[in-house]
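[1] here's my sequence, what's the structure:
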Amino acid sequence: MIDFIIEIQKEKIINGLNDLFIIRPRIKLEINNELIELLAWGDPIYLPDFEARLRNNPNPEFVIKNIYGHYYFILFNKKRRIFFIGNSLFSILPLFYSIKDDNLTISNSPIALSEREEFQIDKRFILEQILFNYQLFNFCCIKGIFLLPVNSYFSIISGKTFIE
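    Next up, the predicted model:
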């Protein structure tokens, strides 16, 4: 299990990506230079020239297309001051999130997120499971906690969060 919790507070000044972690996983790929900072954990597999090519393409699409395996990542474009948070292609590893008071909290576990705040069981999710034995939308078993859609990532620009 790759347990982690990331919290991005709207007003908090961040000196580096490690400041975002409440629970920090074992990082397998760490790149930090004057242009970008990248952390990836889980099972990222990449070619030796990945870092050099990333300098020319500091965007999440490049990360997703050029790191193989199942992993999570955070990319910080220092020049544009944009954070990107996501997971590998097809979203095999789930990314759960909640937004409360303009703070974004992200984890691999909805239970870990629910322990930080007061949440209730989502009856709609339970009904979907009973009727279809399948989750139809990006809800999870706990109200107020959502699953990042497949092949999506977060962009955090000037304190505003977007799902792309």
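[2] C-alpha only now, for contacts and for neighbours.
    Fine.
[3] what bridges to Ile45?
    Beta-bridge pairing of Ile45 under DSSP bridges involves Tyr68.
[4] do the same with Ser98
    With DSSP bridges as the rule, Ser98 is bridged to Thr105.
[5] what sits against it?
    Leu104, Thr105, Ile106, Leu113, Gly144, Ile145, Phe146 (C-alpha atoms under 8 Å, 6 or more residues apart in numbering).
[6] OK, contacts around the closest residue to the third one other than its chain neighbours?
    Pointing back at Ile106 there. In space, and not counting its chain neighbours, Ile106 is closest to Tyr97: 4.3 Å by C-alpha to C-alpha, 6 or more residues apart in numbering. Going by C-alpha under 8 Å, 6+ apart, Tyr97 touches Leu104, Thr105, Ile106, Ser107, Pro110, Leu113, Ile145, Phe146, Leu147, Leu148.
[7] which residue, neighbours along the chain excluded, lies closest to the first one?
    To tie it back to what came earlier, the one meant is Leu104. Counting by C-alpha to C-alpha, 6+ apart, the residue nearest Leu104 is Ile8, at 5.2 Å.
[8] buried residues, the helix or strand of the chain with the lowest mean pLDDT. List them.
    Ranked by mean pLDDT, DSSP states H and E, the weakest helix or strand in the chain is helix 123-132, scoring a mean of 85. Residues of helix 123-132 classed as buried by neighbour count (16 or more other C-alpha atoms under 10 Å): Phe125, Ile126.
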